[in-house]
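Colleague: Could you look at this predicted model? Sequence included:
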Amino acid sequence: MGSCSGRCTLLALCALQLVTVLERQVFDFLGYQWAPILANFAHIVVVILGLFGTIQYRPRYIVVYVVWAAVWVTWNIFIICFYLEVGGLSKDSELLTFSLSRHRSWWEEYGPDCLHEKAATAGLGALHGQSVVVGPGCGMVHSYVEALHSGLQILLALLGFVYGCYVVSVLTEEDDSCLHK
């Protein structure tokens, strides 16, 4: 039998990652952020694979989770740089929406304590939510909310990476000790 403390911690981290990424997925759907929606979906699948590997004592599945955790950290660093406009990135570009929507972020239009007003539109009328003009008085700028979401994902992924490596090493040591008896 394996060390339950490492396995239990990894299970808890995976469950927490699922909850936080599902919350993030909802807001990305509301903001029509298609690239993050696809990345979140892939993350959900791999975290479930990591949960399964941890429960079923399958180190190969956990290794897939560990490798994905490194990719996930990289993606979230990119998201932080994108929303904080580091380097040549601009949060006003259509990089995350694939040019399919005018929306940039749900938090931009409906952030905490934001006052907004409907803008007058000419022509056939604007699509739902595209006529909102963000006014002054936001409690927190939307780019900081997005960066905080990504920061939390980085923290959980790094912890998952460390505990995943630990659980894989414990499981492979147990397999090796059983072969030499």
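Modeller: Noted; the coordinates are in hand. Numbering: from 1, shown residues only.
Colleague: Residue ranges in this protein under the pLDDT threshold?
Modeller: Low-confidence segments of the chain (pLDDT under 70): 1-4, 92-95, 97-108, 110-139, 176-181.
Colleague: 50 - rerun?
Modeller: Residues of the chain meeting the criterion pLDDT under 50: 1-3, 120-133.
Colleague: for it, what's the longest helix?
Modeller: In the chain, with assignment by DSSP state H, the single longest helix is helix 142-179.
Colleague: name the helices or strands packed onto that helix?
Modeller: Helices and strands touching helix 142-179, as assessed by 3 or more C-beta pairs under 8 Å, 6 or more residues apart in numbering; DSSP states H and E, comprise helix 4-30, helix 34-55, helix 59-83, helix 106-110. C-beta here means a position set from N, CA and C on the backbone, and glycine is covered the same way.
Colleague: rerun at 7 Å
Modeller: helix 4-30, helix 59-83, helix 106-110 (3 or more C-beta pairs under 7 Å, 6 or more residues apart in numbering; DSSP states H and E).
Colleague: How much space separates residue 20 from residue 86?
Modeller: Note on residue 20: its distance to residue 86, by C-beta to C-beta, to the nearest Å, is 23 Å.
Colleague: More neighbours: which of the two?
Modeller: A direct count of neighbours by other C-beta atoms under 10 Å for residue 20 and residue 86 places residue 20 higher, at 15 against 11.
Colleague: will you turn the helices and strands packed on helix 142-179 into CSV that also has distance to residue 148?
Modeller: CSV is the format used below for those (distance: least, C-beta to C-beta, whole Å):
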stretch, distance to residue 148
helix 4-30, 11
helix 59-83, 9
helix 106-110, 10
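Colleague: nearest to residue 172, of these?
Modeller: Among those, helix 59-83 comes nearest to residue 172, with 5.7 Å by C-beta to C-beta.
Colleague: and the angle for the closest one with helix 34-55?
Modeller: 150 degrees (axes from the mean of the first three to the mean of the last three C-alpha atoms, to 10 degrees).
Colleague: what angle do helix 59-83 and helix 142-179 make?
Modeller: Helix 59-83 and helix 142-179 are oriented at 160 degrees to each other (the same axes, to 10 degrees).
Colleague: Which residues outside helix 59-83 are in contact with it?
Modeller: 39, 43, 46-47, 49-50, 52-54, 87, 89, 91, 143, 146-147, 150-151, 153-154, 157-158, 160-161, 164-165, 167-168, 171-172 (C-beta atoms under 7 Å, 6 or more residues apart in numbering).
Colleague: Any of these buried? List them.
Modeller: Buried members of the contacts of helix 59-83, counted by 16 or more other C-beta atoms under 10 Å: 39, 43, 46-47, 49-50, 53-54, 89, 91, 143, 146-147, 150, 153-154, 157, 160-161, 164-165, 167-168, 171.
Colleague: Thank you kindly, that will do.
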